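*Asks:* sequence first, predicted coordinates after that:
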Amino acid sequence: MQRYYIGQWTNNQMNGYGTLYFNETTYYEGGFVHNKRCGEGDWFNNQRHGFGQLLTIHGDHYDGHWSEDKKHGDGQYYFKKRNRLCKGFWLNSFCKSSECTQLLNKEHKSSASQEK
């Protein structure tokens, strides 16, 4: 599958709100300015850098720190299928240490959804 974009355009560039699909399971949905992502979270040079969130089409999500578009630093990853939440430390998108909790009979809400 090739990368493709569905959304707003200005002067032949992604500008405004849209969805950029990278493959069958990974996409970015949010704001664009001059072909660069600029949605929720911290961004630098079109990459997640600072605090941000990753949502997958399977319902998993990561809330935490990023560096050069990789999970890096403190964060938490929720595995929807297993209803498990792991809080830990990431280095270059690999979890180096974590503490996981099996959640019972409740849906986990990300930090972004709790703020609403």
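*Replies:* Good, I have the coordinates.

*Asks:* so who does Tyr62 touch?
*Replies:* Tyr62 sits next to Gln53, Leu54, Lys71, Gly75, Gln76, Tyr77, Tyr78 when contact means Cβ atoms under 8 Å, 6 or more residues apart in numbering. To be clear about C-beta, it is placed using only N, CA and C from the backbone, and glycine gets the same treatment.

*Asks:* just give the closest residue to the fifth one, not the sequence neighbours.
*Replies:* Okay, so that is Gln76. The shortest distance from Gln76 to any non-neighbouring residue, by Cβ to Cβ, 6 or more residues apart in numbering, is to Lys87 (4.4 Å).

*Asks:* surely that neighbour touches Glu99?
*Replies:* Yes: between Lys87 and Glu99 a contact is recorded at 5.6 Å, counting by Cβ atoms under 8 Å.

*Asks:* these two: which is more packed in?
*Replies:* More crowded of Lys87 and Glu99, by other Cβ atoms under 10 Å: Lys87, with 16 against 9.

*Asks:* from the contact counts, what lies against the particular helix or strand that has the more buried one in it?
*Replies:* In the assignment (DSSP states H and E), Lys87 maps to strand 84-91. Packing partners of strand 84-91 (3 or more Cβ pairs under 8 Å, 6 or more residues apart in numbering; DSSP states H and E): strand 70-79, strand 94-102.

*Asks:* Ser97 touches Gly88, doesn't it?
*Replies:* Yes: at 5.3 Å, Ser97 and Gly88 qualify as touching, with contact defined as Cβ under 8 Å.

*Asks:* more neighbours: those two, which one.
*Replies:* Remark: of Ser97 and Gly88, Gly88 carries more neighbours, 16 against 9, as counted by other Cβ under 10 Å.

*Asks:* what sits against the more buried one?
*Replies:* Asp74, Gly75, Gln76, Tyr77, Cys95, Lys96, Ser97, Ser98, Glu99.
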